[in-house]
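K.L.:
Sequence unavailable; structure follows:
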């Protein structure tokens, strides 16, 4: 394992303009009793994926609060990551027949990593299943160990979960992103929401000229309503359902639809879904299907900011942080009531929920007819994100957890 | 304003962790059962704490139970009754739990056909774990008190202004209690206690509180600056 080099630092003080000086002062007050007390975060990848993205932002902010914090990434061979990928899918409920050999590979790599790293920080946070067995290296209850699970464990493969639970149950607590993702465990289970960084390229304010340039590049008319769904081309995001909803709305409003997602070229299923989406959109120049590069935060930001309404019509969802991204930009959101979405979209307060293509279309029509309500929902949505789904809130939850564990 | 309190007002910061419980409900009847069995920390979480974390809403949102009944169980009349319970009327969780149970029980008895109907999504009972830390500043005068109020986060303001009722077990709040007891400002204390947190955002409630404090300061010093620090 090697400590991870952080991305560009954004000084904590810069967040005062976003969250307020009082909130920042509160973070400092909570961190004060923890000064000098060590924290270690361990996951399985330094780049790519939501966990690395959050840690990249969280760790520098914690350092500014004078917490000696290190982020380590476990190492593993291809065989290990093949097994953990299968475990990941199985824990999400996909069919999988685990062999004893798979469990042996999992144990073996965890053991190898145990020898590489002193696990002596006062607070050790292990992210996701891959490094879960590192609990074997815990020095006799001398420190606090937390397992942060970023995946949905509501319907796990029994054999894989039984194997994992034997490790998880030895931690002092677990963290899940939604109550429905949790298990019935004897140890405390905490709720931490995933978070967005308001000052990152994907979420920070953009000059109007840049937004206009992006619209022009993608031939989107800024003068007509723009409905947008930002998601990878995945059947569970129901992009074809979004087109069907748009077609209903189109009978009443001269609007455009933007479906933008990451490149599908290296994902066979994604490529197939993209093909289906292009077929469904065929012949309608007001449907823009945009295959963005894997890392295009500024374009995503601009498309969200230019949107009249943001849609997230997922059939299943983890947490769905694209919803928080849209709400942060004060956009009215129409989204499916699945996974973590209802936590973000409080129906009729911070957005509108729907359960079908027709329902989605109806809510969009309602908002296009009542722009003042759309504006109010967007403003409330922004406040809701500010209160619950920003990286500073995530940091505050960790500080609170560490304080709580210390007192216990 | 030169009156100095013998006992200073200590400002605290508060933060809550949400702990996921093992109870959940998919019907109104299960909701009632959960309300009867869940911990005090759970009732606190879904009423007091949720009002704090949705402080920017001023209409129609009161507590998680009412919101679930409205959106997932689709029972507007019951949701309205649950939302009408005002947490400021309660100085104990036991009394609040009793009223929540009564409202749901009465509805289930009057409408047995709805009691067992499945809601769209399950309600998960969670609970709050509270951690408080001294903010590091205190007040002995009205001017210092005003400065402290401005510096508080939303959560800390809510902690002193609303959840203090449970701690004090009185129909008042930390601010009013200290203003009356420490500085002898009974009228100001009472006016502050009447600020409505349901029809105000926390920011506008704080702004009202500061206006009341400034009015009091001007009584003693007409040149007192009232607008230099508005609430965030």
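P.N.:
That came through fine. All values derive from a computational prediction rather than experimental measurement.

K.L.:
Now the residue most central in space within chain B: closest residue in space that isn't a chain neighbour?
P.N.:
When C-alpha atoms, centre = their mean is applied to chain B, the residue found nearest the centroid is residue B:162 (4.0 Å). Spatial nearest neighbour of residue B:162, chain neighbours left out: residue B:197 (6.2 Å); criterion: C-beta to C-beta, 6 or more residues apart in numbering or on different chains. To be clear about C-beta, it is placed using only N, CA and C from the backbone, and glycine gets the same treatment.

K.L.:
Tell me the secondary structure at residue A:253.
P.N.:
Put simply, residue A:253 is coil when judged by DSSP: H, G, I helix; E, B strand; the rest coil.

K.L.:
Give me the neighbour count for it.
P.N.:
Using other C-beta atoms under 10 Å in any protein chain shown, residue A:253 has 16 other residues around it.

K.L.:
surely it meets residue A:367?
P.N.:
No: using C-beta atoms under 8 Å, residue A:253 is not in contact with residue A:367, being 10.2 Å away.

K.L.:
Number of residues surrounding the residue in the stretch 201-350 of chain A positioned nearest to chain B?
P.N.:
Here the stretch 201-350 of chain A gets closest to chain B at one residue, residue A:347, 4.6 Å apart by C-beta to the nearest C-beta. Neighbour count of residue A:347, defined by other C-beta under 10 Å: 17.

K.L.:
Check residue A:87 too.
P.N.:
26.

K.L.:
What helix or strand is it located in?
P.N.:
Following DSSP states H and E, one finds residue A:87 within helix A:78-91.

K.L.:
again with residue B:22
P.N.:
Short version, using DSSP H and E: residue B:22 is in strand B:9-25.

K.L.:
just checking, next helix/strand downstream of that strand?
P.N.:
Downstream of strand B:9-25, the first helix or strand assigned by DSSP H and E is helix B:28-37.

K.L.:
Now the element after that next one, going C-ward?
P.N.:
helix B:40-44.

K.L.:
Now the element after that next one, going C-ward?
P.N.:
Following helix B:40-44 in sequence order, the next helix or strand is helix B:50-53 (DSSP H and E).

K.L.:
if we can go back for a sec, pLDDT (mean, whole number) over whichever helix or strand comes after the helix holding residue A:87?
P.N.:
Downstream of helix A:78-91, the first helix or strand assigned by DSSP H and E is helix A:100-116. The pLDDT scores in helix A:100-116 average 96.

K.L.:
Show me what helix A:100-116 is packed against.
P.N.:
Packing contacts for helix A:100-116, counted by 3 or more C-beta pairs under 8 Å, 6 or more residues apart in numbering or on different chains; DSSP states H and E, involve helix A:78-91.

K.L.:
at 10 Å instead, please
P.N.:
Under the contact criterion of 3 or more C-beta pairs under 10 Å, 6 or more residues apart in numbering or on different chains; DSSP states H and E, helix A:100-116 touches strand A:69-73, helix A:78-91, helix A:158-168.

K.L.:
rewinding a little: need the three-state assignment for the residue nearest to the centre of chain B.
P.N.:
Residue B:162 ends up helix, using three-state DSSP.

K.L.:
Mind pulling the model confidence for it?
P.N.:
89.

K.L.:
could you list every residue that touches it?
P.N.:
Shown in contact with residue B:162 (C-beta atoms under 10 Å, 6 or more residues apart in numbering or on different chains): B:48, B:51-52, B:55, B:87-88, B:173-174, B:197, B:202, B:205.

K.L.:
Can you get me a residue count around the closest residue to residue A:160 other than its chain neighbours?
P.N.:
Among residues not flanking residue A:160 along the chain, residue A:90 sits closest, at 4.5 Å (C-beta to C-beta, 6+ apart). Using other C-beta under 10 Å, residue A:90 has 22 other residues around it.

K.L.:
Make sure the residue of the stretch 201-350 of chain A closest to chain B is actually in contact with residue A:359.
P.N.:
No: here residue A:347 does not reach residue A:359: they are 11.4 Å apart, not a contact under C-beta atoms under 10 Å.

K.L.:
Find the residues that touch each one of these two.
P.N.:
Applying C-beta under 10 Å, 6+ apart, one finds that residue A:347 and residue A:359 are jointly contacted by A:337, A:353.

K.L.:
Need the mean per-residue confidence for stretch B:189-199.
P.N.:
90.

K.L.:
Could you tell me the end-to-end distance of it?
P.N.:
20 Å (C-alpha to C-alpha, to the nearest Å).

K.L.:
how far is that stretch from where the chain is centred?
P.N.:
Mean-position distance between stretch B:189-199 and its chain equals 11 Å (C-alpha atoms, centre = their mean, to the nearest Å).

K.L.:
now do stretch B:4-19
P.N.:
For stretch B:4-19, the distance to the chain centre is 15 Å (C-alpha atoms, centre = their mean).

K.L.:
For the strand or helix carrying residue B:175, what does the pLDDT average out to?
P.N.:
Taking DSSP H and E as the criterion, residue B:175 maps to helix B:174-181. Averaged over helix B:174-181, pLDDT sits at 96.

K.L.:
Is any residue of that helix near chain A?
P.N.:
No: Helix B:174-181 is not in contact with chain A by C-beta under 10 Å from any C-beta of the partner chain; minimum separation 15.7 Å.

K.L.:
Understood, closing this out.
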